[in-house]
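1. Quick one: sequence plus predicted model below, questions after.
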Amino acid sequence: MKLVGISGSLVGTKTAKAVYEVLAAAKSADPSIETELIDLKEFEVEFVKGTPLSYYKDDTIKVVKTVLSADALVIGSPIYQASIPGALKNLFDHLPVDAFKGKVTGIVMTGGTDKHFLVAEHQLKSILSYLKGLIPTTNVFVHNDDFNQDNELASSEVSARIKSLASELIALQKGYAGK
Ligand SMILES: Cc1cc2nc3c(=O)[nH]c(=O)nc-3n(C[C@H](O)[C@H](O)[C@H](O)COP(=O)(O)O)c2cc1C
């Protein structure tokens, strides 16, 4: 199984860190899983302009192809203005409408206020569903205060949810694949 994590932040490192933790938890639960993290900060994904993918530059093609090559995904998004960042939405706009068919798409969201913990439900789930992703019942919300000064996750509650998301994601994907 190839599990691809996406970090949708072009600003900080918290989202990438949280997604990495889910990939690590999945790998620890099943060492045969191949993992790859796509940190959007490291790529220049161009705005969608309605042409075939081959007309875009290498970074855009690499990111889209890696996402499409996944058997399962962990979508990591910071919360921006009570929604998802434009950079992440732009990546979704590059994908065909059945991009996530047969794939489990787990959610990790980072935010600066607990009041926005439902943003994943209203802003992200609908897009993943539209792209035919199967969404685990567990998702992970990480508040900025859950990180310590060294930018490590320092909340046992969040770590437990990360483990739970990883194991549910694996179980669902194996069930989907009939394994
Ligand atoms: C432009 C912008 C808008 C933001 N809007 C919100 C928001 O509406 N709600 C919230 O909880 N946090 C908001 N935040 C805080 C980020 O979601 C939070 O700091 C997150 O951990 C950043 O992740 P990163 O370190 O991966 O960039 C915003 C941050 C930025 C830069």
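-> That came through fine.
2. check which helix or strand covers the residue most central in space within the chain.
-> The centre of the chain sits closest to I75, judged by C-alpha atoms, centre = their mean, with a distance of 1.1 Å. I75 is located in strand 72-78, with elements delineated by DSSP states H and E.
3. I'd like to know which elements that strand is packed against.
-> Contacts defined by 3 or more C-beta pairs under 8 Å, 6 or more residues apart in numbering; DSSP states H and E place strand 72-78 against strand 2-7, helix 14-29, strand 104-111, helix 156-176. (Each C-beta comes from the backbone N, C-alpha and C, glycine too.)
4. For the shortest one, name the packing helices and strands.
-> Judged by 3+ C-beta pairs under 8 Å, 6+ apart, the packing partners of strand 2-7 are helix 14-29, strand 34-39, helix 58-69, strand 72-78.
5. Repeat the analysis, applying 10 Å as the threshold.
-> Contacts defined by 3 or more C-beta pairs under 10 Å, 6 or more residues apart in numbering; DSSP states H and E place strand 2-7 against helix 14-29, strand 34-39, helix 58-69, strand 72-78, helix 86-93, strand 104-111, helix 156-176.
6. Now tabulate those in JSON lines and tack on distance to the ligand and mean pLDDT.
-> Formatted as JSON lines, the helices and strands packed on strand 2-7 follow (distance: least, C-beta to the nearest ligand atom, whole Å; pLDDT from 0 to 100):
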{"stretch": "helix 14-29", "distance to the ligand": "3", "mean pLDDT": "98"}
{"stretch": "strand 34-39", "distance to the ligand": "9", "mean pLDDT": "98"}
{"stretch": "helix 58-69", "distance to the ligand": "17", "mean pLDDT": "98"}
{"stretch": "strand 72-78", "distance to the ligand": "3", "mean pLDDT": "98"}
{"stretch": "helix 86-93", "distance to the ligand": "10", "mean pLDDT": "98"}
{"stretch": "strand 104-111", "distance to the ligand": "3", "mean pLDDT": "98"}
{"stretch": "helix 156-176", "distance to the ligand": "12", "mean pLDDT": "97"}
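7. got the contact list for N148?
-> Contacts for N148 (C-beta atoms under 10 Å, 6 or more residues apart in numbering) come out as A154, S155.
8. can you start the count at 752 instead of 1 from here on
-> That works, and once the first residue is 752, the last one we named lands at N899.
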